[in-house]
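1. just a sequence and a predicted model for now, questions to come.
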Amino acid sequence: MKNNYLLALLSAFLLWLGWPPIPYSSVLLFIGFLPLLIALENIIRNDTIKKKGKKIFLTAGLTAVIWNTASIYWVYNSISAVMPPFAAILISLIPFCLGAALMAIAFNLYYRLRRKTSLLLSLFGLMGFWISYEFLHATWDLAFPWMTLGNGFANFHQLIQWYDITGVYGGSIWIWLVNILVFVIYLNRKGIYQLKNRIVPILCLVLVICVPTVYSLVRYFNYEEHQNPAQVVVVQPNVNPYIKFQLSPEEQLNTLFSLSSSVAKPNTEFFIWPETALSQNGDFDEENLRETYSYQRILKFLDQYKNGNVLSGIESYQLYNYAKTATAREIAPNIYQDNFNAATLIDYSSKLQFYHKSKLVPGVEQMPFGAAMNFLKPLFKAFGGTTGGYGKQAEPSVFYAQSGIGAAPVICYESIWGDYVAKYVKKGAQFIAIITNDGWWGNTSGKDQHLQYAKLRAIENRRWVARSANTGISGFINQRGDIIQQTKWWEPAALNQEINLSEEITTYTKVGDIAAYLGLAIALGGFLIIIVRRRRPRLL
């Protein structure tokens with residue numbers, strides 16, 4: 001068993017080493033699961049081991065916990081800054097261990113399927129179970145799709161230009177297909193799994209690696225953007241999020257104006273300011289925003305720019321005379337308030353546009369599963385959230401400038417959902433504006449991963465990304481996923497870039513995560529075999 005645990009640790013190391021932000025290391029993901037699969041095979045074929053299902057779960061869980069924790073350790077940084085270390089450790093165990101447990105369950109189901117059918121079918125079942133875990137972890141109340149396997153190629157985007165067809169789940173399938181074929185070849189050479197024709201899996205492996213890679217490289221080096229220029233500025237005010245309310249709204253606005261003006265051109269059309277850039281004690285009433293000091297100052301700033309628009313994060317609220325939403329709280333008799341982590345578009349038109357963040361961070365911006373998660377209320381309060389959670393809107397909405405340009409206002413955490421960002425594009429967004437505040441995480445790999453994941457959204461939809469992060473990293477990403485400009489971490493900065501607007505609708509934008517549905521279908525077939533079929537007399 002000791003050797004099996006060492007193999008599990010080796011898998012964890014390979015998967016971590018292949019994960020962003022380490023550049024060009026993602027090819028290690030192609031063999032990342034190989035040591036673990038060998039360890040699990042040792043357990044399956046060892047007749048002296050009792051409770052094999054439990055051993056499979058624990059061995060796979062070891063790989064998953066270490067890989068997860070090493071890749072998203074920065075979660076603890078963000079929580080420990082506002083909570084005692086012991087409490088921060090307990091809260092951090094949820095993202096560290098929950099995803100890992102779901103991964104381990106996928107391997108346990110693989111073992112159960114292996115008892116009912118052949119090795120090869122079981123391995124394909126494992127791929128389906130894994131994709132199902134990823135899909136679940138992107139859709140339920142505790143959603144955290146940060147570790148979706150296809151995200152791993154964010155550090156080597158030249159190889160996955162075909163994400164404009166499949167999205168990241170296509171990358172997950174690609175990684176699993178290669179791992180499966182390498183594992184089968186290994187077993188064949190060891191004489192454990194006999195094949196009639198040894199050359200077939202080798203040829204399949206070559207094709208599975210080379211065809212997507214060659215297609216992607218040809219697409220990358222021959223891709224040309226349609227010329228449709230627009231001048232955009234992204235601003236990085238570098239306001240420490242932990243002392244934000246110690247600074248007056250006027251001080252923060254002056255910083256935003258100064259940085260914006262330092263790089264702006266007369267024809268600048270969009271100024272992108274980060275998440276919650278507009279804030280004040282008590283937040284902004286959306287109905288009365290035009291009457292505020294901040295709004296009047298922004299209009300005065302835009303006097304210098306004929307076609308200028310400010311797209312900014314804002315902390316806002318709406319008032320109702322009844323409990324209009326599940327998150328509305330009664331603040332006075334028959335007066336209910338809904339708070340939002342929002343974005344707004346301000347220009348000289350009579351229309352004031354708002355977007356309310358929809359993909360809310362579990363435990364910080366929304367209470368997952370309602371009363372069952374009440375123990376997270378102190379964390380809500382520490383991060384400035386509401387005990388009932390922020391309000392949200394069900395579908396994304398596009399901001400339109402007076403000139404007709406459509407911008408996707410993507411707020412922070414939302415940028416890791418490919419299908420959600422694609423909905424903006426289907427509704428007319430010609431570029432993607434990501435506004436975020438990664439200062440909570442400190443100078444960790446989290447901020448770099450978040451930036452690199454934005455490259456995937458650019459490729460999937462063939463849209464420029466303009467990214468404004470409060471403390472960094474801000475930048476611009478073109479339609480091939482290349483980072484054209486980026487700022488340094490924890491420095492006030494502003495960047496100006498001429499981007500190309502696009503109206504192309506990619507296959508992925510049209511069909512969404514169809515690759516995930518393929519994985520779900522495979523998993524369903526595996527479940528049916530587990531439930532219906534009798535146990536095989538021997539493992540193959």
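-> Now that the structure is in, tell me what you want to look at.
2. contacting residues for the residue positioned nearest the centre of the chain?
-> In the chain, the C-alpha nearest the mean C-alpha coordinate belongs to I416, at 2.0 Å (C-alpha atoms, centre = their mean). Neighbouring residues of I416 by C-beta atoms under 8 Å, 6 or more residues apart in numbering: P145, W146, N151, H450, Y453. C-beta here means a position set from N, CA and C on the backbone, and glycine is covered the same way.
3. mind redoing it with 10 Å?
-> Taking C-beta atoms under 10 Å, 6 or more residues apart in numbering as the criterion, I416 is in contact with 138, 143-146, 148, 151, 168, 359, 410, 449-450, 453-454, 456-457.
4. farthest-apart pair in the residues you listed, please.
-> Taking C-beta to C-beta as the measure, these span a maximum distance of 18.3 Å, between A143 and A454.
5. for those two, indicate the residue with more neighbours.
-> Using other C-beta atoms under 10 Å as the criterion, A143 and A454 rank with A454 on top: 25 against 18.
6. which helix or strand contains that one?
-> Using DSSP states H and E, A454 sits within helix 445-461.
7. my read is that Q353 contacts I314, right?
-> No: with contacts counted by C-beta atoms under 10 Å, Q353 stays clear of I314, the gap being 11.1 Å.
8. what's the overlap in contacts for these two?
-> Taking C-beta under 10 Å, 6+ apart as the contact rule, Q353 and I314 both touch A343, T344, I346.
9. what number of residues lie near the closest residue in space to F245 that isn't next to it in sequence?
-> In this structure, F245 finds its nearest non-sequential neighbour in N281, 6.2 Å apart by C-beta to C-beta, 6 or more residues apart in numbering. Each residue near N281 was counted by other C-beta under 10 Å, and the total is 8.
10. for N281, give its distance to G313.
-> Distance of N281 to G313, computed by C-beta to C-beta, to the nearest Å: 17 Å.
11. same question for K52.
-> The gap separating K52 from G313 is 51 Å, by C-beta to C-beta.
12. of those two, who's got more company?
-> In this view K52 and G313 are compared by other C-beta under 10 Å, and G313 has more residues nearby, 27 against 19.
13. does that one lie in a helix or a strand, and which?
-> Using DSSP H and E, the element containing G313 is strand 309-320.
14. continuing past that strand, what's the next helix or strand?
-> Past strand 309-320, the next helix or strand by DSSP H and E is strand 329-332.
15. run the chain-centre distance for that following strand.
-> Taking the mean of its C-alpha atoms, strand 329-332 sits 34 Å from the chain's own mean (C-alpha atoms, centre = their mean, to the nearest Å).
16. elements contacting that strand?
-> Here strand 329-332 touches strand 309-320, strand 335-346, going by 3 or more C-beta pairs under 10 Å, 6 or more residues apart in numbering; DSSP states H and E.
17. name the residues that touch stretch 332-340?
-> Residues outside stretch 332-340 that contact it (C-beta under 10 Å, 6+ apart) are 283-286, 314-331, 354-357, 360, 365, 384-386, 388-393, 411.
18. swap in 8 Å and give it another go.
-> Stretch 332-340 is touched from outside by 283, 315-325, 327-331, 354, 356-357, 386, 390-392, with contacts defined as C-beta under 8 Å, 6+ apart.
19. so who does the closest residue to F33 other than its chain neighbours touch?
-> Leaving out its chain neighbours, the residue that sits closest to F33 by C-beta to C-beta, 6+ apart is N179, at 4.4 Å. By C-beta under 8 Å, 6+ apart, the contact set of N179 is F30, I31, G32, F33, L34, L37.
20. in three-state terms, label N179 for me.
-> For N179, the assignment made with DSSP: H, G, I helix; E, B strand; the rest coil gives helix.
21. can you list the low-confidence ranges for the protein?
-> Scanning the chain with the threshold set as pLDDT under 70 gives 1, 81-82, 363-364, 367-388, 535-540.
22. pull out the buried members of the contacts of stretch 332-340.
-> With burial judged by 16 or more other C-beta atoms under 10 Å, the buried subset of the contacts of stretch 332-340 is 283, 315-319, 327-329, 354, 356-357, 386, 390-392.
23. ok so E498 is a helix residue?
-> No: counting by three-state DSSP, E498 falls outside a helix, being strand.
24. what distance do you get for Y111 to L119?
-> Distance of Y111 to L119, given as C-beta to C-beta: 12 Å.
25. whoops, I mixed them up, Q402
-> From Q402 to L119 the distance is 62 Å (C-beta to C-beta).
26. the more surrounded of those two?
-> Of the pair Q402 and L119, L119 is the one with more neighbours under other C-beta under 10 Å, namely 18 against 14.
27. surely the more buried one and I192 touch.
-> No: L119 is beyond contact range of I192, at 9.1 Å (criterion: C-beta atoms under 8 Å).
28. identify the residues contacting L121.
-> L121 sits next to L113, I529 when contact means C-beta under 8 Å, 6+ apart.
29. just the element for the nearest residue to K455 once chain neighbours are set aside, please.
-> Nearest residue to K455, sequence neighbours excluded (C-beta to C-beta, 6+ apart): G481, at 4.0 Å. Taking DSSP H and E as the definition, G481 sits outside all helices and strands.
30. same question, M127
-> Assigned by DSSP H and E, M127 falls within helix 119-136.
31. will you turn the helices and strands packed on strand 329-332 into a markdown table that also has distance to I199?
-> Listed next are the helices and strands packed on strand 329-332 as a markdown table, based on distance: least, C-beta to C-beta, whole Å:
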| stretch | distance to I199 |
| --- | --- |
| strand 309-320 | 56 |
| strand 335-346 | 56 |
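32. list the contacts for N4?
-> N4 neighbours (C-beta under 8 Å, 6+ apart): A39, L40, N42, I43, T59.
33. typo on my end, I44
-> By C-beta under 8 Å, 6+ apart, the contact set of I44 is K52, I56, Y111, R114, L539.
34. how about the helices in the stretch 401-540 of the chain?
-> Under the criterion DSSP state H, counting those that start in this stretch, the stretch 401-540 of the chain contains helices at 418-426, 445-461, 507-511, 514-532.
35. so which of those helices is nearest N188?
-> Of all these, helix 514-532 sits nearest to N188, with 22.9 Å by C-beta to C-beta.
36. I'd like the distance between K190 and S80.
-> As judged by C-beta to C-beta, K190 and S80 stand 46 Å apart.
37. helix or strand: which one has Q194?
-> Counting by DSSP H and E, no helix or strand carries Q194.
38. now for it, how many residues are close by?
-> Neighbours of Q194 under the rule other C-beta under 10 Å: 9.
39. next one: the one 10 residues further on
-> Under the neighbour criterion other C-beta under 10 Å, C204 is assigned a count of 16.
40. pull the contacting residues for it.
-> Neighbours of C204 in contact, by C-beta under 8 Å, 6+ apart: L181.
41. give me the element it is part of.
-> helix 199-222.
42. give the buried residues for that helix.
-> Neighbour-count burial for helix 199-222 flags P201, C204, L205, V208, I209, P212, T213, S216, R219, Y220 (criterion: 16+ other C-beta under 10 Å).
43. doesn't I185 make contact with the first one?
-> Read it as P201. Yes: judged on C-beta under 8 Å, P201 makes contact with I185 at a distance of 5.1 Å.
44. of all the contacts of N179, which two lie farthest apart?
-> The distance between the two most remote of these (C-beta to C-beta) is 12.8 Å, for F30 and L37.
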